[in-house]
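>>> curious how this folds, go ahead:
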Amino acid sequence: YFDFSKYLNNKNILYVTVMLLLPVISVIGSYEFVYGNSNNLYLLLLLLISIIAIIVSWSNKIESKFYPVIILSISTSLLFFGSLSSKYVCVIGDTEIEYHFANLALLNSIWEPNIYANQNAMLSVTVLLPIYSILSSLDLNSTFKVIYPLIFSIVPIAVYELLTKQFNKRVALISCFLFMFSFQFYNAYALSVRWGIGLLFLILLLYLFIYSNKEELKYKILILIYSASLVVSHYGTSYLFMFAIISVFLLDTLLKYLKITWTSTFNLGYILFYIAITMGYYIYTASSSPFNICITFFERTFNALTTEFLSPRTSQVIFAMEREWPISVRVSQLLILFIVFVNTIGILSMVYHLVKKKNTYISYTYLLISIVLITYSLISITQSMFTPQRIYYMSLPILAPFSLIGFCVIFYLLYSKKLPKFD
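Next comes the predicted model:
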C-alpha cells in the first residue's frame, strides 16, 4: 500500500501547497486575460515557474520524491496557460481541422472513415474527444481546452519515469524542464490532440521495450496495444517511430557485423508487425491520405538529398537564417540549433566513452534510438517536407538528457582540456 504518512509534515505540506497553487493561478490568470484584458497573473505565473525551476534544479534541500509533483504542477499550469488563453479553440497548426472532424463525429454519432483528410484517420481526434465530451457532459470546445490538457499533462511524468531509468533523478528533472519550457509544449502540444496522445504512447512503448521483460505475456499484450494506439493517434509520430526502429535494427545489424555488441531490443518480427499495421491502417482509412503523406515525404526527401542538398529553396533552416526576423524569433531559432548541437556533442561523447571504456550505465537500445533521432534531426535541416522543428520537438523528450551531457563536455573541454567521466 502507499504510505501517505511520510508526506504529512509541515514542510511537505508547504511544498505540495505551493505546487498546487500554480494550476490555480494559471486558470485564474486565463480568466483575467480573456475577460479582464490583463496578463498580470500570467506574468506572475511564468515568474514563479522560473524561480521554482531554478531552485529545484540547484538546491539539494528538496527531496526527489517531490519531483513528479513539481513536474505535474508545472506541466498542467503551462498547458492551461496555452489552452485557456482564448474563449474558443485557438487556430494553431491543424487544431481547427481536428475540431471539425471531432465535431462531425459527435454530431452524427458515427465516425466516417472514408473522408480524405489526415486528421480524419486519427481516432485520438474522431473517437477519443467525442467520447470524453459525452462522458463529461462538456461541449467539445471545453473538452479541447480542459480535458485534453489534463490528459497531456501526464506526458512529462512518463518522460521523467523513462529518463530516471537511464540517468539520475536530477538530470531527468532538468530534462523534463527543457521539454516543458519549449515553446511548442504549451503552444501546439497544448491544443493539438494528435501530437500529445501520440507522444504519450511513444514514451510508453519505449519504456516497455527498454525496461520490461518482453517475454512475459502481459508486456507483449501491452506492446501490441500501445503500438496500435500510436498508429491511430498521430501519423507523424507513428512514422517517426517506424523509421526509427527500422534504422535501429539496421544499425544493430551493422554493429554485429563489425563485432560490436550493442544489441537493441527491437526484433525483426515486431518491426514487420508494426510496418504492417501502420501501412494497413493508413492505406484503408481516410482514402489513403496518411499513406500519401509517407510517399510524398520519401519523394521530397530523396530529391532534397540528391539534387537540392542544402539549397536555400528547400532547406528551412538555411531559409530561416537568411530571412529577417524579430529578435525574439531569432533567439528561439538559435536556441533550437544550439540544443541540437549540444545533443549531437552529448551523444558522440557517450559513444566515444563506450568505445574506449567498454562500460556504461545507459541502455544500448536507448543509445541507438538516440543516435537515430539526432541523425534524423540533422538530416531534416536539408529538406522541407518534415520540418526540423517537428523532428526536434518529437525527439526532445528522449534527447534532452544529452543536451546536459553535451554542455558539460563543452565546459570540460574549455576549462579542463579533457572529457568528463560518465561512470
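>>> OK, contacts around residue 375?
Residue 375 is in contact with residue 247, counting by C-beta atoms under 8 Å, 6 or more residues apart in numbering. Where you see a C-beta, it was placed from the backbone N, CA and C, and this is true even at glycine.
>>> got the CA positions of the one helix or strand it maps to in CSV?
Element membership for residue 375, per DSSP states H and E: helix 364-380. Output of helix 364-380 as CSV, limited to C-alpha atoms (Å, rounded to 0.1, in the frame of the first residue of the first chain):
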residue,chain,number,x,y,z
TYR,A,364,22.1,0.2,-25.7
THR,A,365,18.5,0.4,-27.1
TYR,A,366,18.2,3.9,-25.7
LEU,A,367,21.5,5.0,-27.1
LEU,A,368,20.9,3.5,-30.5
ILE,A,369,17.5,5.2,-30.8
SER,A,370,19.0,8.4,-29.7
ILE,A,371,21.7,8.2,-32.4
VAL,A,372,19.0,7.6,-35.0
LEU,A,373,16.8,10.5,-33.8
ILE,A,374,19.7,13.0,-33.7
THR,A,375,20.6,11.8,-37.2
TYR,A,376,17.1,12.5,-38.4
SER,A,377,17.2,15.9,-36.8
LEU,A,378,20.4,16.8,-38.7
ILE,A,379,19.0,15.4,-42.0
SER,A,380,15.8,17.3,-41.6
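>>> list the buried residues of it.
Of all the residues in helix 364-380, those buried under the rule 16 or more other C-beta atoms under 10 Å are 364-374, 376-377, 380.
>>> one more: stretch 19-27?
For stretch 19-27, burial by neighbour count (16+ other C-beta under 10 Å) applies to 19, 22, 23, 25, 26, 27.
>>> so what's the residue count around the closest residue to the fourth one other than its chain neighbours?
Residue nearest to residue 25 in three dimensions, not counting chain neighbours: residue 45, with 4.9 Å by C-beta to C-beta, 6 or more residues apart in numbering. When neighbours are defined as other C-beta atoms under 10 Å, residue 45 has 25 of them.
>>> can you check residue 409 too?
Close neighbours of residue 409, defined as other C-beta under 10 Å, add up to 22.
>>> and the helices in the stretch 1-150 of the chain?
Using DSSP state H, counting those that start in this stretch, the helices found in the stretch 1-150 of the chain span residues 10-36, 40-58, 67-83, 95-108, 123, 129-136, 140-142, 148-152.
>>> likewise for the stretch 201-350 of the chain?
If DSSP H, counting those that start in this stretch is used as the criterion, the helices of the stretch 201-350 of the chain fall at 217-233, 235-257, 268-284, 289-306, 316-322, 327-357.
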